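Enquirer: quick one, fold the following:
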Amino acid sequence: MAQIAGAAVPGLLFCFAAMVLLLFVSVSEPTWDKVSFLNVRLSNGTTHFGCFGYTNHDVGIGYYFSNDRLNSTVLHNLTKTLILHPIACGLSGIAFFFGLLGAAFHRSGTILMALVACLAFLTCLVAWVIDMILFGIARQRYRDEGLWAQYGNATWLTLGALVALILGFCTASFGAFGRYRRKRTDTSY
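Expert: Modelled structure (predicted):
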């Protein structure tokens, strides 16, 4: 018998949107040059800073900036925390999977979706705060040297994913208390 689980669908869609946005952020520069956290115009062109490196840099966890004033141990370690973006993406994907189970089968999938979406939200929140601190400091230091520096679109994609995850968590939490009933079939005796 089919079940009506419409209460799980909004949370499912928000978790999917967050997963896609965080996937875009996770494959930012140097993998995909259209998505970056910080854009700086240097003498040899524009450098884009991403999750795992920057323009013409090897892909890896943690990197040093191209500016000597930014190459401190603290900022280098903050670049290592950018790994939180793919972690939040994975958690959003798991929440989406549980949402599919909740929409198709049982209320427990919706409850698990709410719990994992909450964890993904907290991870994404920490990642976004670190983004703003790390790239805010970097942007200001580059500007102090008279260079053009602006936030890239990955910062705002992360914020969009953060909003989608809080909405996904809220709607999944409310959806867990929604109507889950079996369709009645008309049988005549």
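Enquirer: and V40, how far is that from F16?
Expert: 33 Å (CB to CB, to the nearest Å). In short, each C-beta sits where N, CA and C put it, glycine included.
Enquirer: how about F96?
Expert: As judged by CB to CB, F96 and F16 stand 5 Å apart.
Enquirer: more neighbours: which of the two?
Expert: The neighbour comparison of F96 against F16 (other CB atoms under 10 Å) goes to F96, with 24 against 18.
Enquirer: does that one touch L12 like I think?
Expert: Yes. Using CB atoms under 8 Å, F96 is in contact with L12, at 6.5 Å.
Enquirer: which residues sit in contact with the residue sitting nearest the centre point of the chain?
Expert: Most central in the chain under CA atoms, centre = their mean is L22, positioned 3.3 Å from the mean C-alpha point. L22 sits next to H85, P86, A88, C89, S92, C124, L157, T158, A161 when contact means CB atoms under 8 Å, 6 or more residues apart in numbering.
Enquirer: show the pLDDT at the first one.
Expert: Right, the one you point to is H85. H85 carries a pLDDT value of 97.
Enquirer: the fifth one too?
Expert: Taken from the predicted model, the pLDDT recorded for S92 is 97.
Enquirer: nearest spatial neighbour of W148, chain-adjacent residues omitted?
Expert: Nearest non-adjacent residue to W148, counting by CB to CB, 6 or more residues apart in numbering: R41, 4.2 Å away.
Enquirer: for the strand or helix carrying the one you found, C-alpha coordinates in PDB please.
Expert: Using DSSP states H and E, the element containing R41 is strand 38-42. Provided in PDB are the C-alpha atoms of strand 38-42 (Å, rounded to 0.1, in the frame of the first residue of the first chain):
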ATOM      1  CA  LEU A  38      38.100  35.600  -2.800                       C
ATOM      2  CA  ASN A  39      39.200  37.300  -6.000                       C
ATOM      3  CA  VAL A  40      42.300  39.400  -6.100                       C
ATOM      4  CA  ARG A  41      43.800  41.400  -9.000                       C
ATOM      5  CA  LEU A  42      47.600  41.000  -9.000                       C
END
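Enquirer: which residues are contacting the helix or strand just after it?
Expert: Next along the chain after strand 38-42, taking DSSP H and E as the criterion, comes strand 45-49. If you take CB under 8 Å, 6+ apart as the criterion, strand 45-49 is touched by 28-29, 33, 36-41, 54-55, 65-66, 135, 138, 152.
Enquirer: at 10 Å instead, please
Expert: 28-30, 32-41, 54-57, 63, 65-67, 79, 82, 134-135, 138-139, 142, 147-150, 152, 154 (CB atoms under 10 Å, 6 or more residues apart in numbering).
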